[in-house]
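**Q** What shape does this take:
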Amino acid sequence: MSADTILGFFVQATNKHDFNLDITLNLNGALVSGTTISAQEYFEELSDAFEDGNEISKKSVNN
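**A** Here you go, the predicted structure:
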């Protein structure tokens, strides 16, 4: 089983079972750390972040 297969398993578990996992990946010597979240949770958080806009967009609307 390759590392990509294992990572794919973690992605499937995250999406199907609302499973979160703290993970560190070694990408050609660069360490990338984070926590897996489901695609649904990602898009919900992304939507919340853009819901009210940022300060630049608020200034554009108010002018």
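**Q** any residues touching the helix or strand where residue 44 lies, and which ones?
**A** Per DSSP states H and E: residue 44 is located in helix 39-51. Contacts of helix 39-51 with the rest of the structure, by CB atoms under 8 Å, 6 or more residues apart in numbering, involve 15, 18, 37. Bear in mind the C-beta positions are built from the backbone N, C-alpha and C, glycine included.
**Q** again, 6 Å this time
**A** Applying CB atoms under 6 Å, 6 or more residues apart in numbering, the contact partners of helix 39-51 are residue 15.
**Q** do the same with stretch 23-37
**A** Surrounding stretch 23-37, the residues in contact under the criterion CB under 6 Å, 6+ apart are 10, 14, 20-22.
**Q** before we move on, back to that, what's the offset of the helix holding residue 44 from the middle of its chain?
**A** Using CA atoms, centre = their mean, to the nearest Å, the distance from the centre of helix 39-51 to the centre of the chain it belongs to is 9 Å.
**Q** For it, C-alpha coordinates in PDB please.
**A** Extracted in PDB, the C-alpha atoms of helix 39-51 (Å, rounded to 0.1, in the frame of the first residue of the first chain):
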ATOM      1  CA  ALA A  39     -15.400  18.800   2.300                       C
ATOM      2  CA  GLN A  40     -18.800  19.800   3.700                       C
ATOM      3  CA  GLU A  41     -17.100  21.500   6.800                       C
ATOM      4  CA  TYR A  42     -14.500  23.200   4.500                       C
ATOM      5  CA  PHE A  43     -17.200  24.700   2.300                       C
ATOM      6  CA  GLU A  44     -19.300  25.700   5.300                       C
ATOM      7  CA  GLU A  45     -16.400  27.500   6.900                       C
ATOM      8  CA  LEU A  46     -15.400  29.100   3.500                       C
ATOM      9  CA  SER A  47     -19.000  30.300   3.100                       C
ATOM     10  CA  ASP A  48     -19.000  31.800   6.600                       C
ATOM     11  CA  ALA A  49     -15.700  33.600   5.900                       C
ATOM     12  CA  PHE A  50     -17.100  35.300   2.800                       C
ATOM     13  CA  GLU A  51     -20.600  35.800   4.100                       C
END
